[in-house]
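S.K.: Quick one, fold the following:
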Amino acid sequence: MLSWGVCFFIFVYKKLGGVKVGKEPLLYFNFMFFKRDALSNYALVFLVLGYVTAAIAEYRREYDNLLLMADLSGGISFFLFALYGKYIYQGLIDDEKPFFFIRVFLTKLDLSFGAIFLWLSRLAYVIWLIIFISN
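M.R.: Numbering: from 1, shown residues only. The predicted structure follows:
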């Protein structure tokens with residue numbers, strides 16, 4: 001997670017040109033999910049690996065298979081949504097609006113073959129939410 005944080009600071013000061021008063025985290029997710037450069041790819045890999053590592057550490061602490069599956073589905077959801085955003089999404093990428101990635105995730109009704117990543121991401125996220133709320 002430290003590496004992901006380093007990518008965030010590089011993004012804020014190199015890509016944004018400085019602090020934007022509260023918009024940085026949301027713009028960072030837009031950047032990670034929709035841009036195709038090395039920094040966004042590294043940030044995404046560090047996020048998914050950090051999430052999966054935390055899931056495994058939590059499993060080793062409590063030995064709860066259901067919690068492990070929930071956390072892994074959350075990490076898979078991030079990864080699948082990023083694949084959709086980086087390589088399949090065909091709409092206008094308005095990455096300057098803070099809630100752009102949330103709007104695409106919740107409202108995009110794409111029925112093409114490539115949208116399977118978006119729908120699987122939504123399914124994995126719903127699974128994560130259901131298990132998280134039930135525990």
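S.K.: only C-alpha atoms for contact and neighbour calcs from this point on.
M.R.: Will do.
S.K.: so who does Ser112 touch?
M.R.: Ser112 makes no contacts at all, as judged by C-alpha atoms under 8 Å, 6 or more residues apart in numbering.
S.K.: cool, Glu58 as well?
M.R.: Contacts of Glu58 (C-alpha under 8 Å, 6+ apart): Leu68.
S.K.: what does Trp128 give?
M.R.: Contacts of Trp128 (C-alpha under 8 Å, 6+ apart): 70-71, 73-74.
S.K.: so how far is stretch 55-64 from its chain's centroid?
M.R.: With C-alpha atoms, centre = their mean, to the nearest Å as the basis, stretch 55-64 stands 22 Å off its chain's centre.
S.K.: ok, now stretch 35-46?
M.R.: Relative to the centre of its chain, stretch 35-46 is centred 11 Å away, using C-alpha atoms, centre = their mean.
S.K.: mean confidence score for it?
M.R.: When pLDDT is averaged over stretch 35-46, the result is 90.
S.K.: what's it in contact with?
M.R.: Under the contact criterion C-alpha under 8 Å, 6+ apart, stretch 35-46 has outside partners 1, 3-4, 7-8, 11, 31-33, 79, 82, 86.
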